[in-house]
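Engineer: Predicted model and sequence follow; I will ask about them next.
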Amino acid sequence: MVEIHLLYFAGIRTSLPGEPSSQTISLPITPSPFPLSLLRTHLTAVVHAGNDEFARVLERSAWSVDEEMVDEEDEASVFLKGGETVCPIPPVSGG
């Protein structure tokens, strides 16, 4: 079983029931290793299916893997093998 640890902040966290700050999830066995570019789909279709607010915020979010930001164009070349800490970084607004 391949598991990753998700950290939730700001709009991502408040879009989830109970506003959890983290969650450990299992990734599908295939493809292996699991490309980061498929994680949005997995989270919105399987883990948090039916949560439209979560899907909306996640769609606009960037990713951090093990405290390193991942550029959108690099998401397909980052592979999750298990044990990583992944954080969707929702857009922020200034004031």
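Structural biologist: Everything's here; your move. Numbering: from 1, shown residues only.
Engineer: For Glu72, give me its contacts.
Structural biologist: Glu72 is in contact with Ala62, counting by Cβ atoms under 8 Å, 6 or more residues apart in numbering. In short, each C-beta sits where N, CA and C put it, glycine included.
Engineer: Specify the beta-bridge partners of Glu3.
Structural biologist: Beta-bridge partners for Glu3, by DSSP bridges, are Ser26.
Engineer: pretty sure it is touching Ile25, no?
Structural biologist: Yes: in terms of Cβ atoms under 8 Å, Glu3 counts as a neighbour of Ile25; the distance is 6.6 Å.
Engineer: Now stretch 24-42: buried residues?
Structural biologist: With burial defined by 16 or more other Cβ atoms under 10 Å, the residues of stretch 24-42 counted as buried are Ile25, Leu27, Phe34, Leu36, Ser37, Leu39, Arg40.
Engineer: Just the C-alphas of it, formatted as CSV.
Structural biologist: Taking Å, rounded to 0.1, in the frame of the first residue of the first chain, the C-alpha atoms of stretch 24-42 are listed here in CSV:
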residue,chain,number,x,y,z
THR,A,24,-3.1,10.2,5.3
ILE,A,25,-4.5,8.7,2.1
SER,A,26,-3.7,5.6,0.1
LEU,A,27,-2.8,6.0,-3.6
PRO,A,28,-4.0,3.6,-6.3
ILE,A,29,-1.6,0.8,-7.0
THR,A,30,-1.3,1.8,-10.6
PRO,A,31,0.2,3.8,-12.0
SER,A,32,3.3,3.3,-9.8
PRO,A,33,4.9,5.5,-9.0
PHE,A,34,1.9,7.8,-8.9
PRO,A,35,2.3,11.1,-10.8
LEU,A,36,1.5,14.3,-8.9
SER,A,37,-0.4,15.4,-12.0
LEU,A,38,-3.1,12.8,-11.2
LEU,A,39,-3.5,13.7,-7.6
ARG,A,40,-6.2,16.4,-8.1
THR,A,41,-8.4,13.9,-10.0
HIS,A,42,-7.8,11.2,-7.3
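Engineer: if we can go back for a sec, greatest separation within the buried residues of stretch 24-42: which pair is it?
Structural biologist: Farthest pair in these (Cβ to Cβ) is Ile25 and Ser37. Separation: 16.4 Å.
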